[in-house]
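A.B. asks: From the sequence below, what's the structure:
(chains A and B)
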Amino acid sequence: MGGMVSEWSDQELGQQIGAGRDEAAEAELVRRMGPRIRLYGMRHLRDESAADDLVQQVLITTLEALREGRLREVSKLASFVLGTCRMTVLDLRRNTRRKEELLEKYGPWSIAPAAAPAPALDRAQLTQCVERLKERERAVVMMTFFEEEGGAGVARFLGVSEANVRVIRHRAIHQLRGCMGVAA
Amino acid sequence: MNCANPLDAAILFDYWAGKLSEPEEAVLEEHLLSCDPCGERLKEAIALAEGLRSVAREGALQTVVSEAFVTRAMQDGLRVRQYVVAANGSVQCTVAEEDDLLIGRLEADLRGVQRVDLSLQDARGAEMRRLLDIPFDTEAGSVLWQQSITLAKAAPSGTLVARLVAVEGDGERVIGEYTFHHTRTMPGPGAW
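C.D. replies: Residues are numbered from 1 along each chain as shown, chains lettered A, B, ... in the order given. Below you'll find the predicted structure:
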């Protein structure tokens, strides 16, 4: 394969690693996959150190599979990594039973989250933008963080279907992004 | 580098908030594991979601909320101060520094009503703000109004009147009027 390693696709990196130990290709794959796996970990584990553990374990498993030629279709690399993430999250949760009890009791959304992997928005501006929403849109957005899974409670409260709650929430999110000056 | 089919920002918000079905999550996650531009879009969605979460927990907004919202907030450890007011009644109220949410429980018969506005007036009857077409549960027997805890903590002693107004085809009628006599008990002078 020609060109710089940084310009290769994920599949090309995987093929190169499978063809024989290539430290540059492995380093590039780690550089790309690490942050992606970390975002997955933050979503499902809500904990920075647990997400870091997930990154390490998944990358090790993926590299070993590529080196040993066990990944038959390199084009399905993302699918393999996703499956490995899921299994590893289950293992990590099994090993942290107390945190799982909290997650089950309060839901992954309502316990204090780890620091968001993105710069914080201007809180005062965001509050003003939320104030500008229509009442039902504001209620849906605010209750997103204090409702049971599935949104049935919010739907009942508004007298609409759960599908309509999603439509209302999406409309509100796009309006808020526009108000905050975020590109579409 | 751009993505040929970038993931919608609202869908990414739903993903972060745990609102997608498992099949929807699976498709989205597989895409995110191979697309850095969409990963950046997810980070923007996370910033918005976490910002909104903080705003929701701060109790600074004036908004109508559900019973489940209040219950869940208390389960999450937030200190919720509630005042129950009968239709055309009044209540003596205050707010403390450690309060997180301030809820007015406005008792009202909402059966047969299609649309309700919440009008907020000063002691002289001048409307300061109207919340249009508020959500309500006809069987609940009350409307839960979250007052801004930020404003309440800053406010001097005074009177606020809330009116639930049924908006009907040919006009509107007052369902109930609720008077809050606020006494400042926090240290320092109140000021807007």
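A.B. asks: Helices of chain A, residue ranges please.
C.D. replies: Listed from the start of the chain, chain A has helices (DSSP state H) covering A:10-19, A:23-45, A:48-67, A:77-94, A:97-106, A:123-131, A:135-143, A:152-158, A:162-179.
A.B. asks: pLDDT below threshold where in chain B?
C.D. replies: Of all residues in chain B, those with pLDDT under 70 make up the ranges B:1, B:191-192.
A.B. asks: Give me the neighbour count for B:His182.
C.D. replies: By the other Cβ atoms under 10 Å in any protein chain shown criterion, the neighbourhood of B:His182 contains 20 residues. C-beta here means a position set from N, CA and C on the backbone, and glycine is covered the same way.
A.B. asks: for it, what are its contacts?
C.D. replies: B:Cys93, B:Thr94, B:Val95, B:Ala152, B:Ala155, B:Ser157, B:Gly158, B:Thr159, B:Leu160 (Cβ atoms under 8 Å, 6 or more residues apart in numbering or on different chains).
A.B. asks: Count the residues that sit near the last one.
C.D. replies: With neighbours defined by other Cβ under 10 Å, the count for B:Leu160 comes to 20.
A.B. asks: Setting the sequence-adjacent residues aside, check what's closest to it.
C.D. replies: B:Phe180 (4.6 Å; Cβ to Cβ, 6 or more residues apart in numbering or on different chains).
A.B. asks: part of a strand, is that neighbour?
C.D. replies: Yes: counting by DSSP: H, G, I helix; E, B strand; the rest coil, B:Phe180 is part of a strand.
A.B. asks: Share the number of residues neighbouring it, please.
C.D. replies: For B:Phe180, the number of neighbouring residues by other Cβ under 10 Å comes to 19.
A.B. asks: That one and B:Arg81 touch, don't they?
C.D. replies: No: with contact defined as Cβ atoms under 8 Å, B:Phe180 and B:Arg81 do not form a contacting pair (12.0 Å).
A.B. asks: Against chain B, how distant is the most centrally placed residue in chain A?
C.D. replies: With the centre of chain A defined as its mean C-alpha position, the nearest residue by Cα atoms, centre = their mean is A:Tyr40, 3.6 Å away. Counting by Cβ to the nearest Cβ, to the nearest Å, the gap between A:Tyr40 and chain B amounts to 6 Å.
A.B. asks: Check that residue and give its pLDDT.
C.D. replies: The pLDDT attached to A:Tyr40 in the predicted structure is 96.
A.B. asks: Distance of it relative to B:Asn2?
C.D. replies: Summarising the geometry, the distance separating A:Tyr40 from B:Asn2, computed by Cβ to Cβ, to the nearest Å, is 22 Å.
A.B. asks: Contacts only, for the residue nearest to B:Leu160.
C.D. replies: Under the criterion of Cβ under 8 Å, 6+ apart, the neighbours of B:Phe180 are B:Tyr83, B:Val85, B:Ser90, B:Val91, B:Cys93, B:Gly104, B:Thr159, B:Leu160, B:Val161, B:Ala162.
A.B. asks: Centroid-nearest residue for chain B?
C.D. replies: Nearest to the mean C-alpha position of chain B, counting by Cα atoms, centre = their mean, stands B:Thr63 at 3.3 Å.
A.B. asks: pretty sure it contacts A:Val140?
C.D. replies: No: counting by Cβ under 8 Å, A:Val140 is not a contact partner of B:Thr63; they are 10.4 Å apart.
A.B. asks: what's the longest helix in chain B?
C.D. replies: Within chain B, and with DSSP H defining each element, the longest helix by residue count is helix B:36-58.
A.B. asks: hmm, it in reach of chain A?
C.D. replies: Yes: residues of helix B:36-58 are located near chain A by Cβ under 8 Å from any Cβ of the partner chain, namely B:36, B:39, B:42-44, B:46-57.
A.B. asks: where along chain B do the strands fall?
C.D. replies: Chain-ordered strands for chain B, with DSSP state E as the definition, fall at B:63-65, B:80-85, B:89-93, B:101-107, B:116-122, B:127-131, B:142-147, B:158-168, B:171-182.
A.B. asks: Single out the most deeply packed of those.
C.D. replies: Each of the strands of chain B was scored by mean neighbour count; the highest is strand B:63-65, a mean of 24, by mean count of other Cβ atoms under 10 Å in any protein chain shown.
A.B. asks: tell me what that one is packed against?
C.D. replies: helix A:135-143, strand B:142-147 (3 or more Cβ pairs under 8 Å, 6 or more residues apart in numbering or on different chains; DSSP states H and E).
A.B. asks: any idea of the angle the shortest one forms with helix B:36-58?
C.D. replies: An angle of 100 degrees separates the directions of strand B:142-147 and helix B:36-58 when computed by axes from the mean of the first three to the mean of the last three Cα atoms, to 10 degrees.
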